[in-house]
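A.B. asks: would you be able to build a 3D model of this:
(one chain, ligands or ions: 2)
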Amino acid sequence: MKCVVATGTFDILHPGHIHYLEESRRLGDELHVIVARDVNVRHKPQPIVPEEQRLRMIRALKPVDDARLGDPHDMFRPIEEIRPDIITLGFNQHFNEEQLGQALAERGIDARVVRITGYHEPLASSSRIVERILAMRTDTACSDPD
Ligand SMILES: Cc1cc2nc3c(=O)[nH]c(=O)nc-3n(C[C@H](O)[C@H](O)[C@H](O)COP(=O)(O)O)c2cc1C
Ligand SMILES: Nc1ncnc2c1ncn2[C@@H]1O[C@H](COP(=O)(O)OP(=O)(O)OP(=O)(O)O)[C@@H](O)[C@H]1O
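C.D. replies: Ligands and ions are numbered 1, 2, ... in the order given. You can find the predicted model right below:
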């Protein structure tokens, strides 16, 4: 049984997330997803959707066998519990494959790190969906005569 782990914030779901999860699942027999904690999303604006709701959505997706919230302090703790054969990185995740592999080995985790390709479509990005919502709804509000 080959176990794969995928990770991410998954704020507002889109086809890029589905591509990442489907491709990750294809690498093994079982896909576990670690959803980033609200407190750990510091590299971009805070997620619109709270962590429990992001987790619920991910759990409901077809390629996903199991999902959990990440650890607030130690990103390797859930990995130690799951003991995956493969950890996938999305095309725009800011982790270096080699450095991550080394850090995993230092923690005694024997997992291969695999980078998944990107899915390129204008709305295959949570932040671009947010930008579009702001642009479309703000325009409506401004043109309202009242
Ligand atoms: C191997 C691995 C384990 C992770 N474990 C956790 C974790 O336990 N808790 C957490 O909040 N984020 C964890 N993350 C980080 C997030 O899931 C996510 O990848 C990171 O916040 C970048 O987010 P984005 O690519 O979705 O923007 C982990 C990432 C990787 C690569
Ligand atoms: N268009 C895409 N194609 C393939 N993988 C993607 C795509 N968008 C996101 N992913 C992957 O899905 C996982 C979760 O991504 P994340 O929640 O950061 O979404 P995002 O749309 O990239 O967010 P943002 O636009 O706010 O940066 C990450 O591993 C990421 O690389």
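A.B. asks: can you report how many residues neighbour Thr7?
C.D. replies: 22 (other CB atoms under 10 Å). Yep, even glycine has a C-beta here, placed from its N, CA and C like the rest.
A.B. asks: quickly list what it is bridged to.
C.D. replies: Ile34 (DSSP bridges).
A.B. asks: would you confirm that it contacts Leu31?
C.D. replies: No: using CB atoms under 8 Å, Thr7 and Leu31 do not qualify as a contacting pair, with a distance of 11.3 Å.
A.B. asks: for this protein, longest helix please?
C.D. replies: helix 126-143 (DSSP state H).
A.B. asks: show me what from this structure comes close to ligand 1.
C.D. replies: Taking CB under 6 Å from any ligand atom as the contact definition, the chain meets ligand 1 at 7-9, 34, 36-37, 40-41, 70-71, 75, 78-79, 87, 90, 93, 95.
A.B. asks: any of the residues you listed buried? List them.
C.D. replies: For the residues of the chain next to ligand 1, a neighbour count by 16 or more other CB atoms under 10 Å gives the buried set as 7-9, 34, 36-37, 70-71, 75, 78-79, 87, 90, 95.
A.B. asks: would you turn these into a markdown table with distance to Leu27?
C.D. replies: As requested, these are exported to a markdown table (distance: CB to CB, whole Å):
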| residue | distance to Leu27 |
| --- | --- |
| Thr7 | 14 |
| Gly8 | 16 |
| Thr9 | 21 |
| Ile34 | 16 |
| Ala36 | 21 |
| Arg37 | 25 |
| Gly70 | 20 |
| Asp71 | 23 |
| Met75 | 20 |
| Pro78 | 18 |
| Ile79 | 16 |
| Ile87 | 10 |
| Gly90 | 13 |
| Phe95 | 17 |
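A.B. asks: which of those lies closest to ligand 1?
C.D. replies: The nearest member of those to ligand 1, counting by CB to the nearest ligand atom, is Gly70 at 2.0 Å.
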